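Q: how would this look folded up:
(one chain, ligands or ions: 2)
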Amino acid sequence: MPYTHIEQYDEETTSALRDHYQQLIGLLGEDPDRDGLLKTPERMARSMQYLTQGYHMDAHAILNAAKFTESYSEMVIVKDIELYSLCEHHLLPFFGKAHVAYIPNGYITGLSKLARVVDVYARRLQVQERMTHQILDAIQETLQPLGVAVVIEAQHLCMMMRGVQKQNSVTTTSAFCGQFEDERTRSEFIRLIGANLTRR
Ligand SMILES: Nc1nc2c(ncn2[C@@H]2O[C@H](COP(=O)(O)OP(=O)(O)OP(=O)(O)O)[C@@H](O)[C@H]2O)c(=O)[nH]1
Ligand SMILES: [Zn+2]
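A: Numbering: from 1, shown residues only. Ligands and ions are numbered 1, 2, ... in the order given. As a prediction, this is how the structure comes out:
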């Protein structure tokens, strides 16, 4: 299973999506045959496959691809990992930052792999809460560290450009396991990413 970014689009899927998007444009009251829109269904078909490519990626394979034996056992934090996802209710984007930490227990992983795991789950139809747990579970299951922490701060366009129309609300979700369930360890993690939690 490929775990890097999409290189080829499945032509059958692209073609089916293109037909649906052409119909959708018509249903919205536009003329899908006018010049500016002629290639739009094809672009949308590829764009949506790009934005949902996480279904074809394997977080465990990504983490295992750079799993190294190492005795370091302090907290490792990668913060400010930007993410773009699609809410499963409206298929509108939500976007923000993930902060990921773990405490190694004999194994470390490549730092970029933690950011890739965020993308694996962000590039799907999601709710922020589930994504937060999926990232945690993949790291826990693969590296079996002493603890994992994931915090995601995101803004949801479905709450901004429609619906309740709140432009400045930020949703924060978190998941902790192992040593991060201990108050002191958790506080240290929150302190270390804290600058971002208050910087808006
Ligand atoms: N828990 C959670 N809710 C989300 C997420 N993304 C979007 N939502 C919410 O999903 C809910 C869907 O509610 P519905 O009442 O079925 O849909 P709606 O009529 O479009 O709701 P409004 O957005 O309030 O107009 C809304 O409250 C959204 O804000 C997410 O990641 N997590
Ligand atoms: Zn939504």
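Q: is Val118 in contact with Ala138, as I believe?
A: No. With contacts counted by Cβ atoms under 8 Å, Val118 stays clear of Ala138, the gap being 9.9 Å. Yep, even glycine has a C-beta here, placed from its N, CA and C like the rest.
Q: neighbour-wise, which of those two wins?
A: Each of Val118 and Ala138 had its neighbours counted (other Cβ atoms under 10 Å), and the higher figure belongs to Val118 (27 against 22).
Q: before we move on, which element is the more buried one in?
A: Under the criterion DSSP states H and E, the helix or strand holding Val118 is helix 111-122.
Q: again with Arg186
A: Of the helices and strands defined by DSSP H and E, Arg186 is found in helix 183-198.
Q: ok, and for that helix, which residues are buried?
A: Residues 185-186, 188-189, 193 are the ones in helix 183-198 that count as buried (16 or more other Cβ atoms under 10 Å).
Q: quick one: which of the residues you listed is nearest Met131?
A: Of all the buried residues of helix 183-198, Met131 sits closest to Ile193, with 17.3 Å by Cβ to Cβ.
Q: my guess is that closest one contacts Ile81. True?
A: No. Distance between Ile193 and Ile81: 10.9 Å, which falls outside the contact criterion (Cβ under 8 Å).
Q: give me the common contacts of those two.
A: His99 (Cβ atoms under 8 Å, 6 or more residues apart in numbering).
Q: so the helix or strand hosting His99 versus helix 183-198, what angle?
A: In this structure, His99 sits in strand 93-103 according to DSSP H and E. Between the axis of strand 93-103 and that of helix 183-198 there is an angle of 150 degrees, by axes from the mean of the first three to the mean of the last three Cα atoms, to 10 degrees.
Q: so what are the sheet partners of strand 93-103 and their directions?
A: In its sheet, strand 93-103 lies beside strand 76-87 (antiparallel), strand 147-156 (antiparallel), with partners assigned from DSSP bridges.
Q: deepest of those strands, which one?
A: For these, average neighbour numbers computed from mean count of other Cβ atoms under 10 Å are highest in strand 147-156, which has a mean of 23.
Q: what's the average pLDDT for that one?
A: Confidence for strand 147-156, expressed as mean pLDDT, is 98.
Q: and it, anywhere near ligand 1?
A: Yes. Contact of strand 147-156 with ligand 1 is found when judged by Cβ under 6 Å from any ligand atom, involving His156.
Q: return the residues of the chain in contact with ligand 2.
A: Counting by Cβ under 5 Å from the ion, the residues of the chain close to ligand 2 are 87, 89-90, 158.
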